[in-house]
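Visitor: Kindly return the folded structure for what I paste below:
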Amino acid sequence: MDRARRDRRPRSLLALFTAALLAVPGITALSSAARAADADLARNGGFESGLDGWTCTVGTTVTSPVHSGGSALQATPAGSDNAQCAQTVTVRPNARYTLSGYVRGSYVYLGATGTGTTDVSTWTQSAADWQQLTTTFTTGAATTKVTVYTHGWYGTGAYYADDISLTGPGGSTGQPPAVPAGLRTGTVTSSSVALSWSAVTGATGYAVYRDGVRVQTVSGTSATVTGLTPSTAYGFQVTATNDAGESAKSATVTATTPAGTGGGSPGLPVHALVGYLHTTFANGSGYTRLADVPESWDVIDLAFGEPTSVTSGDIRFDRCPVTECPDVESDADFKAAIKTKQAAGKKVLISIGGQNGQVQLTTAAARDTFVASVSKIIDDYGLDGLDIDFEGHSLFLNANDTDFRNPTTPVIVNLISALKTLKAEYGSKFVLSAAPETFFVQNGYQFYGTGKWGGQDPRCGAYLPVIHALRDDLTLLHVQDYNSGPIMGLDNQYHSMGGADFHIAMTDMLLTGFPVAGDANNVFPPLRPDQVAIGMPASTNAGNGYVSPSEVTKTLDCLTKRTNCGSYATHGTWPALRGLMTWSVNWDRYANWEFRKNFDAYFG
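Guide: Numbering: from 1, shown residues only. From the prediction side, this is the model:
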């Protein structure tokens, strides 16, 4: 903290000295004609349109306190995040600009980077009421864009900002590009459509729209829209963009996805109940034999296969010993129960990881060992597939790994490669599922890896590249909507566990898609509804975030029928939502099968 104050005080004095000089008659930085052409270039500086135009590591808009208008920014630094909100603005080279804004709170900063000369900032240590911060800069000879920002300081309370302006000569007044022509479809699969179009002179990028909703931006003249539903008609348009704006939409082309081969969900019912079965350990819920699992459970995940060491890739499945689980069945009875479940149409998977099973495939050797050892478990027990339940520090992103579509971090790349190998080895009937925590998926809406400015948790959003790379191979994704902190939804509001709204908001994000780390040019595409199940605790003993059966019913009503919704407005209706996952079968039995009974009553 002291260092920050020492770094910034000289700049504040310099700004005051400069302002004093400019106040002296005869000393001017700009002619009166130039000043007359000045404009406020900041977009939505009063936050009247939410966070439109701003990219924030964390933040929301509030109606009180405000400096003027009806809204202001509120952001709270936490841990290694200083709660920065930033906006990139088009400017002119060799021009002078004044950055100003009103703030309140402890340690609030306002500044600009990328000026091409000297980046500037100003700050206040304490503002009990609204205080104006102002600084000036001159752009470099080749500078056409600068980034203005506000942030707080690590570990301090919430700060507020309002009426942020950047005054100076406007940037390029060129025209948006022409409308793209020649839009056409290429390869169409059950979950994707390839598109291409003719190049537009002066365009720096293109935006792709699906049924009127912007879903992707690219720099070239082709794109593949993924995450589509089989046997569904879609309409596509494209626009061209440059610094001056966006063209009108092109003519619409349509494509209908084929039925496919089961929508990536081999042998599952339309609505499925997924549960984890404690098979390698005992706890307060008691041991449950596989043969005693009720018929309602369509997918049974055997918990857990764990590595011999964090980086070995060598996975072992050691069933609970008699000394710990007196009621444990023999290996022969266990394998017989697997066959009985499969004969009844159920799927039995080995789940890898869990809270204690940290798996980091840091090398190609570890990747290959993972494939070999998991294959052995599947073959020994005659299982239907694999569930990935990597938690803790298993997945993370290196500092320079910023694009979820093209990951470079070894633990991510090697896991993707290993899972694709296993899928190819066992074929289309292989069931592949994943149970990430919200921190690794939906939290990617705000944060991705260490972040643009560094300092964030490198695990933020780290599951996104895995899910994206495997979206055509993934049978089920059931994010753990429990043991979670507050997560920002697509409404830019934080949602907390304990009610239907949390599950609705988190699931809507998966089925709608979302910009990663707030970047509208880097959108995580939606998953198919038949790929998505909602993860919930079976009882109050199973984990934080338990909701009553009535809240479970509200969740399902809202997502599948768009009725009985709460405060969160969904972006669609998904009657094909696959179902529910719970931790765990054992805890549900302990609670007199409350979770299972509610699922059966809802879906019949």
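
Visitor: Where does the prediction get shaky in the stretch 201-350 of the chain?
Guide: 259-265 (pLDDT under 70).

Visitor: Strands of that one, start to end?
Guide: Applying DSSP state E, counting those that start in this stretch to the stretch 201-350 of the chain gives strands spanning 205-210, 213-218, 222-225, 233-242, 245-246, 253-256, 272-278, 299-307, 315-316, 347-354.

Visitor: Could you check how far the third one is from the centre of its chain?
Guide: Right, the one you point to is strand 222-225. 21 Å (CA atoms, centre = their mean, to the nearest Å).

Visitor: That one: which residues count as buried?
Guide: 223-225 (16 or more other CB atoms under 10 Å). C-betas here are computed from N, CA, C, even on glycine.

Visitor: Please convert those to JSON lines, extending it with distance to L580.
Guide: JSON lines is the format used below for those (distance: CB to CB, whole Å):
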{"residue": "A223", "distance to L580": "34"}
{"residue": "T224", "distance to L580": "31"}
{"residue": "V225", "distance to L580": "28"}
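
Visitor: Looking at these, which is nearest S312?
Guide: When the buried residues of strand 222-225 are compared for distance to S312 (CB to CB), T224 wins out at 36.5 Å.

Visitor: how many other residues sit next to D491?
Guide: 15 (other CB atoms under 10 Å).

Visitor: repeat for the one 5 residues further on
Guide: Counted with other CB under 10 Å, residues neighbouring S496 total 13.

Visitor: same question, D519
Guide: 14.

Visitor: which residues does it bridge with?
Guide: V516 (DSSP bridges).

Visitor: Distance-wise, check the residue sitting nearest the centre point of the chain relative to T438.
Guide: Centrality entry for the chain: nearest residue to the mean C-alpha point is G444, 3.0 Å, by CA atoms, centre = their mean. Using CB to CB, to the nearest Å, we find G444 at a distance of 10 Å from T438.

Visitor: do the same with G157
Guide: Separation of G157 from T438 (CB to CB) stands at 25 Å.

Visitor: neighbour-wise, which of the two wins?
Guide: Taking neighbours as other CB under 10 Å, G157 and T438 compare with T438 leading, 25 against 11.

Visitor: what's the more buried one in contact with, if anything?
Guide: 479-481, 484, 487, 506 (CB atoms under 8 Å, 6 or more residues apart in numbering).

Visitor: And for V523?
Guide: Applying CB under 8 Å, 6+ apart, the residues contacting V523 are 214-217, 513-516.

Visitor: Tell me where the stretch 401-550 of the chain has helices.
Guide: Under the criterion DSSP state H, counting those that start in this stretch, the stretch 401-550 of the chain contains helices at 410-426, 464-469, 500-512, 549-561.

Visitor: What is the least confident helix or strand in the chain?
Guide: helix 2-23 (a mean of 35; mean pLDDT, DSSP states H and E).

Visitor: ok so, going back, what's the spacing between the residue nearest to the residue nearest to the centre of the chain when sequence neighbours are not counted and G168?
Guide: The shortest distance from G444 to any non-neighbouring residue, by CB to CB, 6 or more residues apart in numbering, is to G461 (2.7 Å). From G461 over to G168 the distance is 36 Å, taken as CB to CB.

Visitor: can you tell me the helix or strand for T147?
Guide: strand 145-151 (DSSP states H and E).

Visitor: what about that strand, distance to the chain center?
Guide: 24 Å.

Visitor: Partner strands of that strand, with direction?
Guide: Partners of strand 145-151 in its sheet, by DSSP bridges: strand 85-90 (antiparallel), strand 96-113 (antiparallel).

Visitor: buried sites along the longest one?
Guide: Using 16+ other CB under 10 Å as the test for burial, strand 96-113 gives 96-112.

Visitor: Pull up the distance across stretch 66-74, start to finish.
Guide: End-to-end distance for stretch 66-74: 10 Å, by CA to CA, to the nearest Å.

Visitor: So what touches it?
Guide: 46-48, 50-51, 54, 56, 59-63, 65, 85, 102, 130, 150, 158-163.

Visitor: Report how many residues lie close to A251.
Guide: Other residues close to A251 by other CB under 10 Å number 11.

Visitor: Now do it against L183, distance only.
Guide: 7 Å.

Visitor: Check T409 too.
Guide: Distance from T409 to L183, by CB to CB: 35 Å.

Visitor: what do you get for F439?
Guide: On the measure of CB to CB, F439 and L183 end up 39 Å apart.

Visitor: same check, this time on Y149
Guide: Y149 is 37 Å from L183, by CB to CB.

Visitor: residues near the residue nearest to L183 when sequence neighbours are not counted, how many?
Guide: Once flanking residues are discounted, L183 sits nearest to W197: 4.4 Å by CB to CB, 6+ apart. Using other CB under 10 Å, W197 has 22 other residues around it.

Visitor: what do you get for the one 5 residues further on?
Guide: Per other CB under 10 Å, the neighbour tally for G202 reads 15.

Visitor: Contacts only, for A591.
Guide: Contacts of A591 by CB under 8 Å, 6+ apart are 538-541.

Visitor: Mind doing that once more with 7 Å?
Guide: 538-539 (CB atoms under 7 Å, 6 or more residues apart in numbering).

Visitor: Repeat that for L133.
Guide: 100-101, 103, 110, 122, 124.

Visitor: List the contacts of stretch 269-281.
Guide: 285, 287-288, 290, 293, 296-304, 317-320, 324, 351, 476, 478, 533, 578-586, 588, 596, 599, 603.

Visitor: Could I get the full set of strands for the stretch 501-604 of the chain?
Guide: So, for the stretch 501-604 of the chain - with DSSP E, counting those that start in this stretch - the strands run 514-516, 519-524, 533-537, 579-583.

Visitor: can you redo the ones you listed as TSV with distance to S312 and mean pLDDT?
Guide: Formatted as TSV, the strands of the stretch 501-604 of the chain follow (distance: least, CB to CB, whole Å; pLDDT from 0 to 100):
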stretch	distance to S312	mean pLDDT
strand 514-516	31	94
strand 519-524	31	88
strand 533-537	28	98
strand 579-583	26	98
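
Visitor: Just tell me which of those strands ends up closest to N242.
Guide: Of all those, strand 519-524 sits nearest to N242, with 13.4 Å by CB to CB.
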